[in-house]
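Build me a model from this:
(6 chains)
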Number of protein chains: 4
Amino acid sequence: MSGIFLSNILQFKIYYLFLTKRSVKIKYSMSPRTPEQFKEIRAEKKAQIMQAALEVFAEKTFQGASVSMIAKKAGISKGLLYNYFSSKEDLLKQIIWQVWNNFVELFESKNADNFNETDFEEIIKLSFDMLKTDYKFWKLYISLVMQPAAIKFLEEKIPEFMDEYLNLYVNYYQKKGIKNPLAEARLLGSALDGVSLNYILDPENFPLEEVQRLIIEKFK
Amino acid sequence: MSGIFLSNILQFKIYYLFLTKRSVKIKYSMSPRTPEQFKEIRAEKKAQIMQAALEVFAEKTFQGASVSMIAKKAGISKGLLYNYFSSKEDLLKQIIWQVWNNFVELFESKNADNFNETDFEEIIKLSFDMLKTDYKFWKLYISLVMQPAAIKFLEEKIPEFMDEYLNLYVNYYQKKGIKNPLAEARLLGSALDGVSLNYILDPENFPLEEVQRLIIEKFK
Amino acid sequence: MSGIFLSNILQFKIYYLFLTKRSVKIKYSMSPRTPEQFKEIRAEKKAQIMQAALEVFAEKTFQGASVSMIAKKAGISKGLLYNYFSSKEDLLKQIIWQVWNNFVELFESKNADNFNETDFEEIIKLSFDMLKTDYKFWKLYISLVMQPAAIKFLEEKIPEFMDEYLNLYVNYYQKKGIKNPLAEARLLGSALDGVSLNYILDPENFPLEEVQRLIIEKFK
Amino acid sequence: MSGIFLSNILQFKIYYLFLTKRSVKIKYSMSPRTPEQFKEIRAEKKAQIMQAALEVFAEKTFQGASVSMIAKKAGISKGLLYNYFSSKEDLLKQIIWQVWNNFVELFESKNADNFNETDFEEIIKLSFDMLKTDYKFWKLYISLVMQPAAIKFLEEKIPEFMDEYLNLYVNYYQKKGIKNPLAEARLLGSALDGVSLNYILDPENFPLEEVQRLIIEKFK
DNA sequence: AATGAATGAGCGTTCATTCAT
DNA sequence: AATGAATGAACGCTCATTCAT
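Numbers count the residues shown, from 1 in each chain, chains lettered A, B, ... in the order given. Below is the predicted model of the structure:
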């Protein structure tokens, strides 16, 4: 596994919005529902459950969270949850994978060859921006993804993706003539992870702006 | 909370030794025991239980670990465990606090004024050395300390200690004329955290030596 | 209760046909339906559900069968099932009673006075024939009728019918001058039950033909 | 599967006594328990649970019986039941196998060569005697053993034992010069099964004595 | 100091049944 | 007539904790 799982959080934005924008209650017409309406209802309810589960898992640990708590937070009955997810573990798996797939998909769209200093600065800035704006989501996500239960699901996905991710930075540093580009890339990833973690744990006292400037200065 | 909880792991060494050196089975004479011997037996058994609990908690999460598992791993009966700890939560609390107290105590003995470049390099080297040598312990410790249940106990202790810890590095950077010494110190702490985390998660592929050199180069 | 509930299976033939002949999918015209057509649709769907339920009950036990399974096997929604049967127990009750009523009705039409040796031999032969030909149905039926839940419903019905059934054979043996006609009749019934059971449980190794001959030889 | 599973019930006597004789409450001394005492307590409690389970399974079906009911009937808590049996299914399995093993063990001790007419008559008489005396146990046992869940466990055991059982009677009839000894043996087994079943279902009206005489007369 | 039998609350999950559409 | 989302009670099972010995 590697540093990417905390840093480079930028890309989750879209998923996050997707996850949350639907939690508004929608009133349906009284006419018989079309299959499309059923699907829409299901999709919304599913997102609603996943959001609730993410919060409870983050606060209590996967093992410490009970299906009752999740159902209560989602405003549904315990039984209905099993209409959408085959088990508590399936619920976790779907949360993890959906986030991860969004992440990977977006990341793969980047072209490693064109990655220049401006891109670097921009991506760092955006990442820090995200961390600040979506503080609540990242707190949840980090809490979740650090748990053994979550890592279990991620472990099989990460290796294949890892090279590609590192390559972006390794190439970048190589082109800049840095001596040990891999170490440089791994340290950058680690630093981003560490910053994310420390900011999440103590957002009020962590000097995020200045640290961001320092990272750009030291790693650009 | 802050970056210190993962980085600067050096100081745990002594506690670690304390914790493990006693897990050797000792045979006692059959003659009537003195009160001192009783105390010693109690102390040893307690350490033995805590060590077992640390391992089980790390592997299974606090919530996922059962008292039965811990008792089994410690080689005692479930009932006896409650002779030493009033509850599972108390067991966790005592583990966390004992580690923490050892940490704080040792750290406070350092003199911030004498901290020079040689010390810096040395402390970083020692930290990385520890990470490598006591890999298993740190894996356990990090797994444990990242759990919400553990963080709950640490949260009340950390703030008072935080300033002192940061001061060491803030002073160091101040004396060196660095522009923003606090940001520099927090980034260093974060980087150390991130490195610890990434190395623990993938020790075989992480270029620890080179990353260590890079850190000294960038942060000295 | 008594031996009749397994033996003398001949009489179920008509009911069996009634139950199965309707499980063929029938296409209806799209023109507005007459009330009679509605009734017919209802009747057919009911038979279709009962057939599905019989199979699931037999395989899984009444308690082990779920309404979902039955609805699925019948090709309808769970909700619709409750349009035809007020509860799972009602479904079982209706299956049992319908089989039973067909059985009784047919049996009562026989005239005990005319029952001679030729009739005896014929009825035994027919019974064994049925057992072989409709093996699958009898397996289901026996599995179902041996369950406490089914016996509960049968228990109230049987006594009134018992005498009549036994009378057929008691009269027969009386006319033949057998010493204890009741015991003879009950042993015959028991033997037929036992044979049915054993054949159903192990059809490949049970020497049905020879056993049939033996029964005629010993009980005629 | 075959007829033996109901008939020839004689051999269970010892097990039955074993199962029931222990359900008397025993008071233990107040001194610390020796390991032997623990074992004894466990064995007794286990028998007590098995007896309760046999009764509930028989009345409600394996699937219809709940662990709560069994625990209640056994006078213990639900949790304790799992101290003795790893699952509800394990409980069923242990009941079935223990009965079965006792049965097989005793049966195998019989010598097929010495089996003469006196033995035959005696074994039939004893069987019928058992059925009458231990009516309650046989009712339970038959109800249990007819359930799919129980048959599942027996199925693997029976075939190897079947031949031996049949051989006893096949040899017997062969020596007597009967034409089709296998069919004769299977019919006898079936008749005994049927009689057991019918007697159990309606003990007050079934003419057990006379039927017994008839069987000896017809099958000796 | 030490055991392990015993409890009971709560877990994840299933399922008969209802109901809005 | 027909659907399937929704409920809630009860299921099998686990486990932190207690207690007699």
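
need the residues of chain A near DNA strand F, please.
Within chain A, the positions adjacent to DNA strand F are A:38, A:41-42, A:45, A:76-80, A:83 by C-beta under 7 Å from any atom of the strand. Backbone N, C-alpha and C define where each C-beta goes, glycine included.

Give me the buried entries from these.
Buried members of the residues of chain A next to DNA strand F, counted by 16 or more other C-beta atoms under 10 Å in any protein chain shown: A:45, A:76.

in chain A, which helix or strand is least confident?
The weakest-scoring helix or strand in chain A, judged by mean pLDDT, DSSP states H and E, is helix A:13-21 (a mean of 38).

Next secondary structure after it?
Next helix or strand after helix A:13-21 toward the C-terminus (DSSP states H and E): helix A:35-60.

Now tell me what touches the helix or strand just after that next one from outside.
Later in the chain than helix A:35-60, the nearest helix or strand by DSSP H and E is helix A:67-74. Residues from elsewhere that reach helix A:67-74 (C-beta atoms under 8 Å, 6 or more residues apart in numbering or on different chains): A:48-49, A:51-53, A:55-56, A:60, A:77-78, A:80-81, A:88, A:91.

List the buried residues for helix A:67-74?
Quick answer for helix A:67-74 (16+ other C-beta under 10 Å): A:67, A:69-71, A:73-74.

Tabulate those residues (a markdown table), appending pLDDT.
Below are the buried residues of helix A:67-74 laid out as a markdown table (pLDDT from 0 to 100):
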| residue | pLDDT |
| --- | --- |
| A:Val67 | 97 |
| A:Met69 | 96 |
| A:Ile70 | 97 |
| A:Ala71 | 97 |
| A:Lys73 | 95 |
| A:Ala74 | 95 |
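
Distance to B:Glu117 for those - can I get that in JSON lines?
Formatted as JSON lines, these follow (distance: C-beta to C-beta, whole Å):
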{"residue": "A:Val67", "distance to B:Glu117": "56"}
{"residue": "A:Met69", "distance to B:Glu117": "52"}
{"residue": "A:Ile70", "distance to B:Glu117": "53"}
{"residue": "A:Ala71", "distance to B:Glu117": "58"}
{"residue": "A:Lys73", "distance to B:Glu117": "52"}
{"residue": "A:Ala74", "distance to B:Glu117": "56"}
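
which of the residues you listed lies closest to A:Phe161?
Among these, A:Ile70 lies closest to A:Phe161 (C-beta to C-beta), at 28.8 Å.

Tell me the secondary structure at the residue in chain A positioned nearest to chain C.
Relative to chain C, the nearest point of chain A is A:Asn83 (11.8 Å; C-beta to the nearest C-beta). Look at A:Asn83: counting by DSSP: H, G, I helix; E, B strand; the rest coil, its state is helix.

ok, now A:Phe206?
coil.

who's in contact with it?
A:Phe206 sits next to A:195, A:198-199, B:2, B:186 when contact means C-beta under 8 Å, 6+ apart.

Chain C next: which of the residues you listed are close?
Among these, none lies close to chain C by the criterion of C-beta under 8 Å from any C-beta of the partner chain.

ok so, going back, pull out the buried residues from the contacts of helix A:67-74.
By 16+ other C-beta under 10 Å, the contacts of helix A:67-74 give A:48-49, A:51-53, A:55-56, A:60, A:81, A:88, A:91 as buried.

Just put these in JSON lines and tack on pLDDT.
JSON lines is the format used below for those (pLDDT from 0 to 100):
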{"residue": "A:Gln48", "pLDDT": "93"}
{"residue": "A:Ile49", "pLDDT": "95"}
{"residue": "A:Gln51", "pLDDT": "92"}
{"residue": "A:Ala52", "pLDDT": "94"}
{"residue": "A:Ala53", "pLDDT": "95"}
{"residue": "A:Glu55", "pLDDT": "91"}
{"residue": "A:Val56", "pLDDT": "93"}
{"residue": "A:Lys60", "pLDDT": "89"}
{"residue": "A:Leu81", "pLDDT": "97"}
{"residue": "A:Lys88", "pLDDT": "96"}
{"residue": "A:Leu91", "pLDDT": "95"}
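
Go through those and name the one nearest C:Asn167.
For the buried ones among the contacts of helix A:67-74, the residue nearest C:Asn167 by C-beta to C-beta is A:Leu81; the value is 60.1 Å.
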